[in-house]
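**Student:** Mind looking at a prediction? Sequence and model below.
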Amino acid sequence: MTVSNSESKPVINESGIEIKPVYTADDVAEAMNGEAIGLPGEYPFVRGIHPLMYRRRPWTMRQYAGFGNPHETNQRFKYLIENGQTGLNVAFDLPTQIGLDSDDAMSIGEVGRVGMAVDSLRDFEIAFDGIDLDKITVSLTINGAATTLIAMYLAMAEKRGYDIRNLRGTAQNDILKEFIGRGTWVFPVDASIKLVGDTIEYCAEHAPKYSPVSICGYHIRESGCNPVQEMAYAFCIGKAYIDEALARGLDVDEFASRLSFNFDIFGNLFEQVAKFRAGRGLWARILREDYGAKDPRSMVMRMIAGGGGGGLALEQPEVNIVRGAYYALISALSGTQTMALCSYDEAYTIPTEYSARISLRTMQVLIEEMGLCDTVDPMAGSYYMETLTAQMQEKMREVMADVDDRGGIVKLVAEGLVQADVSAQAYETHQGIESGDIRKVGVNCYRIEEEEREVEFHPYDEADGEMQIESLQQIKAARDDGAVATELDRVQGAAEAGDNVMPAIMAAVKSYATVGEITGRLTDVYGRFEEPVRF
Amino acid sequence: MSGPAKVLIAKPGLDGHDQGAKVVARALLDAGFEVHYTGLRQSPEAVAQTALEEDVDVIGLSSLAGSHLPFCRRLKELIDEMGLADKLWIIGGNIPAQDVAALEGIGLDGVFATGSKLQDITDFIKERLP
């Protein structure tokens, strides 16, 4: 018996692709238009960036963590490592993220609230005390103040005797997406891209194994765009950083292998897996065809994929544990390098030790019990998966072409136009959920009467903030003020001259100049971003 | 009242998550209100000043990163000082159930935690405005 499309209601995925009831080899042949699926570890890397993937080693488990002062964060880091976590993903409080010291008037009530407070190099020395930086790779979720925080991390490692030429680690440092979602911008758009270029250039020369930028589709997706746009916008942003680095005379193969990505997972399982397979193929083609990269390592889309905050619900929060498990499964089926999961209470608060451990165990069950590491790209060859992968890639190309036609990603972000598109879509999605057209279990179907319950929260302690301010005052009293002033002048001088500011910031952080002082000198030169306010 | 009521949507503090604020702003516009959106990083002083200058009927805050209580305490002082106490004052976002009573104690007229329906917000304003 054959089933024609007309016999059932059309099914259209979030990215706008109509899904057929049945797929066959003919669909694959048509969608792929003669292209081969290829092998893992070979161009265009649709099936994975390494020939053996998880047979070689499972993905890195890197839960997002950090709160209060550096002492408490150090304890949480050690707790996660003792429980089998293999990387760290550092959360900073909002003042640190936008370059303010803990004693700034705007920091009141925010110090240590959503992440660790960092004022000076001393805070990094405490936070990473006793952690082997060769064994545990560290990812810094920092954007607006990334130059200073990257410098602090490298300086801390140097002081502990590591050769930064061999030091691995990642900074998020994707400022363009901060203008679209998440909002921790500091400087105007052009200066912000210049600073990203400074970090790429500095790391290429001095810390070639460090990944200075992790390009994030994640937060754009969380802000409301669809899965195809998530990838397409991220690739447009990645190209903007590559263009900035090339303009400084770097060769693409000197730095492209150190660019990595951060993507979101929630929604339709097959669409998500196809998204990542398609994205890997497209990024490889962009690097080889558009930029002439020769080193295959420059072409691979390395990623952290997981999270899924946008898919979690406040209602019946335990169901989020189940959602998280599916997101982890999707991430593993998609060939991620690193996984982080939002914890089930993350719709309310930053995770408790208990909920963070459940997320870690979710990933460990996949590795130890479910066979996800046994063979590479297990979805390959499915008629549906291969057709969808090819179709998603085509859609991504269309979105990227549209961005270029409208003036390019930098212009669209500076004028707030991407933001407006994304927020219009968020509104549509929200209306879809309210009307029930978009089904959400426990939210608009299968609801139960829930008593208002007090969830166990990670507590926020105002005393942490006071302790942090006290410790900042002690650092300021103990340091050589003359040396600090000289180094800060040099930072400002480098910015004024249009030089790479990283060497001067490295010296400044070693003199215990603070995040706020360094950022202040940079804003004296660059000014601050003025948000195009629209909705 | 002549003309549509005017609603201020403000993003207090340093939190950059503005998807919710923008979604609510669009819903209010669709429901016939006039909307003034502040953009990010508003201090209590800036919110009160904008409410005064724009002569709004409703002061709406969107808070996702947990600093709503200290912010609202300070804003309440300014609202009283600046003669804005008669304005309808509402907040939405990531507001834990255990904080609702404290917010109402400060003087919030309505608290719309994540998961609230857009229609609930627009209906609430329509019912409560004179």
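**Tutor:** Cool, got the structure.
**Student:** Buried residues in stretch B:62-77, which are they?
**Tutor:** Across stretch B:62-77, burial judged by 16 or more other Cβ atoms under 10 Å in any protein chain shown covers B:62-76. For every residue, glycine as well, the C-beta is placed using N, CA and C.
**Student:** so what's residue 37 up against?
**Tutor:** Reading this off chain A. A:46-47, A:380-381, A:386 (Cβ atoms under 8 Å, 6 or more residues apart in numbering or on different chains).
**Student:** think we crossed wires, I meant chain B
**Tutor:** B:Tyr37 touches A:533-535, B:9-10, B:21-22, B:25, counting by Cβ under 8 Å, 6+ apart.
**Student:** hmm, back to that, can I get the contacts of A:Ile37 in CSV with distance to chain B and secondary structure?
**Tutor:** Listed next are these as CSV, based on distance: Cβ to the nearest Cβ, whole Å; DSSP: H, G, I helix; E, B strand; the rest coil:
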residue, distance to chain B, secondary structure
A:Val46, 32, coil
A:Arg47, 34, coil
A:Ala380, 35, coil
A:Gly381, 38, coil
A:Glu386, 34, helix
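**Student:** ok, whatever residue of chain B ends up closest to chain A - contacts?
**Tutor:** Closest to chain A within chain B is B:Gly16: 2.0 Å, counting by Cβ to the nearest Cβ. Contact partners of B:Gly16, counting by Cβ under 8 Å, 6+ apart, are A:94, A:178, A:181-185, B:40.
**Student:** Repeat the analysis, applying 6 Å as the threshold.
**Tutor:** A:182-184, B:40 (Cβ atoms under 6 Å, 6 or more residues apart in numbering or on different chains).
**Student:** Switch those residues over to a markdown table; also include pLDDT, distance to B:Asp99 and neighbour count.
**Tutor:** Formatted as a markdown table, the contacts of B:Gly16 follow (pLDDT from 0 to 100; distance: Cβ to Cβ, whole Å; neighbours: other Cβ atoms under 10 Å in any protein chain shown):
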| residue | pLDDT | distance to B:Asp99 | neighbour count |
| --- | --- | --- | --- |
| A:Arg182 | 90 | 24 | 25 |
| A:Gly183 | 93 | 23 | 25 |
| A:Thr184 | 96 | 24 | 25 |
| B:Leu40 | 95 | 22 | 21 |
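**Student:** ok so, going back, shouldn't the residue of chain B closest to chain A be within a strand?
**Tutor:** No. Using DSSP: H, G, I helix; E, B strand; the rest coil, the secondary structure at B:Gly16 is coil, not a strand.
**Student:** And the nearest residue to it once chain neighbours are set aside, how far from A:Arg534?
**Tutor:** In space, and not counting its chain neighbours, B:Gly16 is closest to A:Gly183: 2.0 Å by Cβ to Cβ, 6 or more residues apart in numbering or on different chains. For A:Gly183, the distance to A:Arg534 (Cβ to Cβ, to the nearest Å) stands at 14 Å.
**Student:** One more: A:Val252?
**Tutor:** From A:Val252 across to A:Arg534, the span is 35 Å (Cβ to Cβ).
**Student:** who's more crowded, those two?
**Tutor:** Counted by other Cβ atoms under 10 Å in any protein chain shown, A:Val252 and A:Arg534 do not tie: A:Val252 has more neighbours, with 20 against 14.
**Student:** Tell me where the chain has strands.
**Tutor:** No chain specified, so I'll use chain A. A:11-12, A:18-19, A:60-61, A:64-65, A:87-90, A:137-140, A:169-171, A:210-211, A:213-216, A:259-264, A:303-306, A:338-339 (DSSP state E).
**Student:** other chain: chain B
**Tutor:** According to DSSP E, the strands that chain B contains are B:6-10, B:34-37, B:58-63, B:88-93, B:110-113.
**Student:** what about chain B, any weak spots by pLDDT?
**Tutor:** Within chain B, the segments meeting pLDDT under 70 span B:1-2.
**Student:** near chain A, which residues of it?
**Tutor:** For chain B, the contact set with chain A under Cβ under 6 Å from any Cβ of the partner chain comprises B:14, B:16, B:19, B:22-23, B:25-26, B:37, B:39-40, B:65-67, B:70, B:97-98, B:114-115, B:117.
**Student:** So which of the residues you listed are in helices?
**Tutor:** If you go by DSSP state H, these have B:19, B:22-23, B:25-26, B:70, B:97-98 in helices.
**Student:** which among these end up buried?
**Tutor:** Applying 16+ other Cβ under 10 Å to those flags B:19, B:22-23, B:25-26, B:70 as buried.
**Student:** just checking, A:Cys236 touches A:Asp402?
**Tutor:** No. If you go by Cβ atoms under 6 Å, A:Cys236 and A:Asp402 don't touch, sitting 9.9 Å apart.
**Student:** So these two - more neighbours on which side?
**Tutor:** A:Cys236 (23 against 13).
**Student:** tell me the contacts of the more buried one?
**Tutor:** With Cβ under 6 Å, 6+ apart, A:Cys236 has these contacts: A:400, A:403, A:409.
**Student:** before we move on, the earlier item: using neighbour counts, trim the contacts of A:Ile37 to the buried set.
**Tutor:** Restricting the contacts of A:Ile37 to buried positions leaves A:46-47, A:380, A:386, with burial counted as 16+ other Cβ under 10 Å.
**Student:** centroid residue for the chain?
**Tutor:** Reading this off chain A. A:Asn262 (3.6 Å; Cα atoms, centre = their mean).
**Student:** my bad, the chain I had in mind was chain B
**Tutor:** For chain B, by Cα atoms, centre = their mean, the most central residue is B:Gly60; offset 1.2 Å.
**Student:** those helices in the stretch 51-200 of chain A, which residues are they?
**Tutor:** A:70-82, A:94-97, A:121-127, A:146-159, A:175-180, A:189-206 (DSSP state H, counting those that start in this stretch).
**Student:** Go through those and pick out the most buried.
**Tutor:** helix A:94-97 (a mean of 30; mean count of other Cβ atoms under 10 Å in any protein chain shown).
**Student:** What average pLDDT does it get?
**Tutor:** Mean per-residue pLDDT for helix A:94-97: 97.
**Student:** Pull the residues that contact that helix.
**Tutor:** So helix A:94-97 is contacted by A:107, A:110, A:117-118, A:144, A:184, A:515, B:14 (Cβ under 6 Å, 6+ apart).
**Student:** my read: A:Asp295 touches A:Phe255, true?
**Tutor:** No. Between A:Asp295 and A:Phe255 there is no contact under Cβ under 6 Å: 10.6 Å.
**Student:** which of those two has more neighbours?
**Tutor:** A:Phe255 (25 against 15).
**Student:** which one is the more buried one nearest to, not counting chain neighbours?
**Tutor:** Leaving aside its sequence neighbours, A:Phe255 is closest to A:Ala204 (4.5 Å, by Cβ to Cβ, 6+ apart).
**Student:** rewinding a little: by neighbours, which of the contacts of helix A:94-97 wins?
**Tutor:** For those, the largest neighbour count, defined by other Cβ under 10 Å, is 33 neighbours, found at A:Val118.
**Student:** if I look at that one, how far off is chain B?
**Tutor:** 15 Å (Cβ to the nearest Cβ, to the nearest Å).
**Student:** Now that residue. Its backbone dihedrals?
**Tutor:** Phi and psi for A:Val118, reported as degrees, to the nearest 10, are phi -130, psi 120.
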